[in-house]
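Visitor: structural data only, the sequence is not supplied:
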Ligand SMILES: Nc1nc2c(ncn2[C@@H]2O[C@H](COP(=O)(O)OP(=O)(O)OP(=O)(O)O)[C@@H](O)[C@H]2O)c(=O)[nH]1
Ligand SMILES: C[S@@+](CC[C@H](N)C(=O)[O-])C[C@H]1O[C@@H](n2cnc3c(N)ncnc32)[C@H](O)[C@@H]1O
Ligand code: SF4
Ligand code: SF4
């Protein structure tokens, strides 16, 4: 059985963007009330006294937008300081990153994945639902800052949406030629915006690889990470290309992760809502962390049964939480 040692932690369910594929403008989202959010102390207690003892050693901070979480640098410092923490990373939209990148690095964050769906500012604004001042430039500065501070590997996530940004695949891939950046193309999942997804809102990684292969050639490669990306490289390029193919391929048999929501629900699978447990309410009710460890161990034991299995029939549309609430 696969070892499950990677916890994706959503620090906050709110976001300063409204990406079309994730939380489109106008979508009704029930935000978590302040008093329902795990406090810093509760989160650190769960990590130290529940997750680490049952074998979790890799942590990713996500959201919503994790940089909106108050005290995010202090949280990073605390999690990085646990001797059992082997890998601490973050997924962010990068908008608030430039001024805080050095502090995050100094606090112990070493890996960062930044979403960048387009190199064309107008298309970018269209994707992130921005009607005001252009935001692409500030995200680009965040990426540059992360690179110069020394985050390594530095990964850029691209959700490929047919008719919106799929014409940019080669331009995005070309970023890796001269830069040690790692571009990852993600197949759009029908969770967040069903209307945009339509009948077939995703482009298969195999198609993208073929485009890139025809232009430059492509060889298998590797980069440090804990996720499901298949990694390739343009011959001679400084960076790599990752493909996250949750629609066209099944990587559930190598699933190594669970997810903790900002209000303390532990979720064994992104695409299946079965088996979730409410750790925050239990903690607040005075249940001991030893008992919580036992509950998490039981969940780990049945995780293979919960892992997503309806791939052939497509994902179901009735999720009570969307991507921004789960953390991707
Ligand atoms: N279906 C599915 N998709 C996932 C899973 N993990 C990550 N993804 C997809 O991959 C996207 C990017 O993930 P990231 O937050 O960058 O993290 P990662 O790929 O695990 O990170 P690395 O450790 O750098 O490999 C997510 O938003 C999802 O769309 C998973 O367990 N199941
Ligand atoms: C939910 S976001 C949270 C972190 C941060 N706000 C960001 O955008 O990087 C995490 C990842 O989920 C991806 N994502 C969101 N909705 C998705 C969808 N419907 N299909 C595939 N990936 C999605 C985003 O592109 C991003 O890389
Ligand atoms: S993908 Fe990230 S940045 Fe975009 S709306 Fe979702 S949480 Fe916000
Ligand atoms: S869909 Fe569920 S089981 Fe499959 S890789 Fe994602 S989280 Fe794991």
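Guide: It's in. All values derive from a computational prediction rather than experimental measurement. Ligands and ions are numbered 1, 2, ... in the order given.
Visitor: need the residues of the protein near ligand 4, please.
Guide: Neighbours of ligand 4 within the chain, by C-beta under 6 Å from any ligand atom: 228, 251, 252, 255, 269, 270, 271, 307, 308. Yep, even glycine has a C-beta here, placed from its N, CA and C like the rest.
Visitor: give me the helix or strand of the protein that scores worst on average pLDDT.
Guide: Least confident helix or strand, the chain: helix 194-197 with a mean of 78, by mean pLDDT, DSSP states H and E.
Visitor: list the contacts of that helix.
Guide: If you take C-beta atoms under 8 Å, 6 or more residues apart in numbering as the criterion, helix 194-197 is touched by 20, 21, 24, 161, 188, 190, 317.
Visitor: go again with 7 Å.
Guide: Residues lying outside helix 194-197 but in contact with it, judged by C-beta atoms under 7 Å, 6 or more residues apart in numbering, are 20, 21, 188, 190, 317.
Visitor: same question for stretch 264-276.
Guide: For stretch 264-276, contacts defined as C-beta under 7 Å, 6+ apart pick out 38, 258-261, 277-280, 296, 299, 302-303, 306-308, 315, 319-320, 326.
Visitor: re earlier: report whether the least confident helix or strand of the chain contacts ligand 3.
Guide: No: among the residues of helix 194-197, none lie within reach of ligand 3 under C-beta under 6 Å from any ligand atom; the closest is 12.5 Å away.
Visitor: rebuild the residues of the chain next to ligand 4 as a markdown table, extending it with secondary structure, pLDDT and neighbour count.
Guide: Listed next are the residues of the chain next to ligand 4 as a markdown table, based on DSSP: H, G, I helix; E, B strand; the rest coil; pLDDT from 0 to 100; neighbours: other C-beta atoms under 10 Å:
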| residue | secondary structure | pLDDT | neighbour count |
| --- | --- | --- | --- |
| 228 | coil | 94 | 19 |
| 251 | coil | 90 | 15 |
| 252 | helix | 92 | 19 |
| 255 | coil | 95 | 20 |
| 269 | strand | 95 | 19 |
| 270 | coil | 94 | 24 |
| 271 | coil | 90 | 18 |
| 307 | coil | 92 | 17 |
| 308 | coil | 86 | 17 |
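Visitor: what residues are up against the residue of the stretch 201-328 of the chain found nearest ligand 2?
Guide: Ligand 2 sits closest to residue 328 of the stretch 201-328 of the chain, with a gap of 2.8 Å, by C-beta to the nearest ligand atom. The contact partners of residue 328, by C-beta under 7 Å, 6+ apart, come to 62, 91.
Visitor: kindly recompute the last result at 8 Å.
Guide: So residue 328 contacts 8, 62, 91, 270 (C-beta under 8 Å, 6+ apart).
Visitor: could you report the separation of residue 136 from ligand 1?
Guide: Between residue 136 and ligand 1 the distance is 20 Å, computed by C-beta to the nearest ligand atom, to the nearest Å.
Visitor: counting neighbours, what do you get for that residue?
Guide: 21 (other C-beta atoms under 10 Å).
Visitor: contacts only, for the residue lying closest to it once chain neighbours are set aside.
Guide: What sits nearest to residue 136 in space, not counting adjacent residues and going by C-beta to C-beta, 6 or more residues apart in numbering, is residue 121, at 3.8 Å. Each residue near residue 121 by C-beta under 8 Å, 6+ apart is listed here: 134, 136, 137.
Visitor: I'm done for today, thanks for sticking with me.
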